[in-house]
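Asks: Here is a sequence together with a model predicted from it:
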Amino acid sequence: MKFTEASLEKAFTELLGQEGFPNHLGFTITRKPEEVLIEADLQTFLLTNYANEGITVTETKSVILQLKSLSASDLYESNKTFLKMLSDGFVLKREDCNQKDIYIQLIDYSGLNKHRQSDAEQLLTIVAAAEEVYEIDNNIYKFVNQLEIVGTEKRIPDGIVYINGLPLEAFEFKSAIREEATIYNMIDLFSAENQIHCVTNFQDLISTPFQGEMNAICWTRQLIGDFSEIIKKVEPSGNIATLEEDELRDLQLSEQGQLARNILLNDLKLLQAHGASPILNVIKHYDRDDNDPFFPTDVYSFHVDRSPIATDTFLCTYYGESSEVLPNSQGEQKVLIPEIRDELKKQYSGPDEGFESYLTEHFFDLHYQAKPNARPISLGLGHLWKLAVDHPESKVPPCVHCAPKEKSGQTRLLMIC
């Protein structure tokens, strides 16, 4: 199996996730196309970290404006100024001249021990003074991949590490096993840019029609609350447990758990009012199709949904690994791949004219294979998606997707209908 750029990106994404940098797809970040800063994150950090000093929204905006005003024509001086502000901090003159100035640091270093290179038990320890106890920091960590930045030309870095909305490290993933690989000829994820459409509210999610190549619509959200607490309260005895609405209401939860529950109840209400029948599942893992190892037809395989009537698939992962979408241009229907089709014909024992019906009856025609160097798109946590289904009235290609392979010991919280 080749270790491709996509594999490298996925490995880095998982490692950074383990270090507290959750993954966000570029198109889910709310910003102007030409902006690199995530202004909302920086403003949230400043308002939270300096709440005791009474920092105002106007004052946070002045900090953001100062950063944005650094000249692009003299990158050396601008970078030197920014790095000095980042490392040394700076004094913010108050909006009200009667108030004391605030010493601002753009990163909260109080949780520094979270990002040690090695675990403490793996290191030799020489005690020269009492060990300092670090507090939990207020930083907002993100690893954003495939962020489209429009300037004199369009750039799409493979990944950017953000802390408090500040882009601190950029990644370009390049295969070491392909001599011809360069950062310029990697697969562009945004070949799927016409396939995915983002909205900012539920009404737009349900009212925006699929058209052309567009077959996936995402209501992008950043949710609050502790969804892991809910999972711990309803640990399934089997592979999957359905969390009923009454059971959810009866759970004894902390304040953060209650915030998460309110979001779940509201999502259920919205989808039910739309006429859907959402189900909230706590998932350890799905059953695997072991009957035909050559051609498994379980949900871990890239597939499309099919219905005899007009409908859409809605889903949202609140905790755990999230589902993936395969851009239609990066997948191929398995039954059309010659060697797979030949093998299926060997398994089929009926007349030639019944072969296509055989493929449909056994759901083989629903499954897809990713092309070499394809880049599946993680649907992320908290975003509510509407995916196109294969049905008689559909005017767009169905959306190809799959369930994630769950990590050992990690349970997933998923709403689907």
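Replies: Nice, I can see it. Residues are numbered from 1 along each chain as shown.

Asks: roughly how far out does the helix or strand hosting residue 261 sit from the chain middle?
Replies: Assigned by DSSP states H and E, residue 261 belongs to helix 255-273. Distance of helix 255-273 from the chain centroid (C-alpha atoms, centre = their mean, to the nearest Å) equals 20 Å.

Asks: Over to stretch 96-111?
Replies: 32 Å.

Asks: Show me which positions of it end up buried.
Replies: Using 16 or more other C-beta atoms under 10 Å as the test for burial, stretch 96-111 gives 102, 104-108. In short, each C-beta sits where N, CA and C put it, glycine included.

Asks: List just the nearest of those to residue 96.
Replies: Using C-beta to C-beta, residue 102 comes nearest to residue 96 of those, at 11.6 Å.

Asks: which residues does that closest one contact?
Replies: 50, 53, 55, 59, 91-92, 94 (C-beta atoms under 8 Å, 6 or more residues apart in numbering).

Asks: how about those residues in JSON lines, adding neighbour count, pLDDT and distance to residue 316?
Replies: Output for those, formatted as JSON lines (neighbours: other C-beta atoms under 10 Å; pLDDT from 0 to 100; distance: C-beta to C-beta, whole Å):
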{"residue": "50", "neighbour count": "19", "pLDDT": "92", "distance to residue 316": "33"}
{"residue": "53", "neighbour count": "16", "pLDDT": "91", "distance to residue 316": "37"}
{"residue": "55", "neighbour count": "21", "pLDDT": "93", "distance to residue 316": "34"}
{"residue": "59", "neighbour count": "21", "pLDDT": "92", "distance to residue 316": "36"}
{"residue": "91", "neighbour count": "9", "pLDDT": "92", "distance to residue 316": "44"}
{"residue": "92", "neighbour count": "19", "pLDDT": "92", "distance to residue 316": "39"}
{"residue": "94", "neighbour count": "16", "pLDDT": "90", "distance to residue 316": "42"}
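
Asks: What is the nearest of those residues to residue 321?
Replies: Distances from residue 321 to those, taken as C-beta to C-beta, are shortest for residue 50 (35.6 Å).

Asks: C-terminal to the strand or helix carrying residue 43, which secondary structure element comes first?
Replies: For residue 43, the enclosing helix or strand under DSSP H and E is helix 39-49. In the C-terminal direction, the helix or strand that comes right after helix 39-49 (DSSP H and E) is helix 57-68.

Asks: Does anything pack onto that next one? Which helices or strands?
Replies: The contact analysis (3 or more C-beta pairs under 8 Å, 6 or more residues apart in numbering; DSSP states H and E) places helix 57-68 against helix 39-49, strand 90-92.

Asks: show me the contacts for residue 359.
Replies: Contacts of residue 359 by C-beta under 8 Å, 6+ apart are 335, 344, 365.

Asks: for the nearest residue to residue 71 once chain neighbours are set aside, helix, strand, or coil?
Replies: Closest residue to residue 71 apart from its sequence neighbours, by C-beta to C-beta, 6 or more residues apart in numbering: residue 78 at 5.4 Å. Following DSSP: H, G, I helix; E, B strand; the rest coil, the label given to residue 78 is helix.

Asks: Pull the contacting residues for residue 78.
Replies: Counting by C-beta under 8 Å, 6+ apart, residue 78 touches 70-72.

Asks: what's the answer for residue 340, then?
Replies: Counting by C-beta under 8 Å, 6+ apart, residue 340 makes contact with 295, 334, 369.

Asks: which residues touch the second one?
Replies: When contacts are counted by C-beta under 8 Å, 6+ apart, residue 334 is found next to 295, 340, 364, 367-369.

Asks: For residue 220, state which of these is nearest.
Replies: For the contacts of residue 334, the minimum distance to residue 220 (C-beta to C-beta) is 25.3 Å, reached by residue 368.
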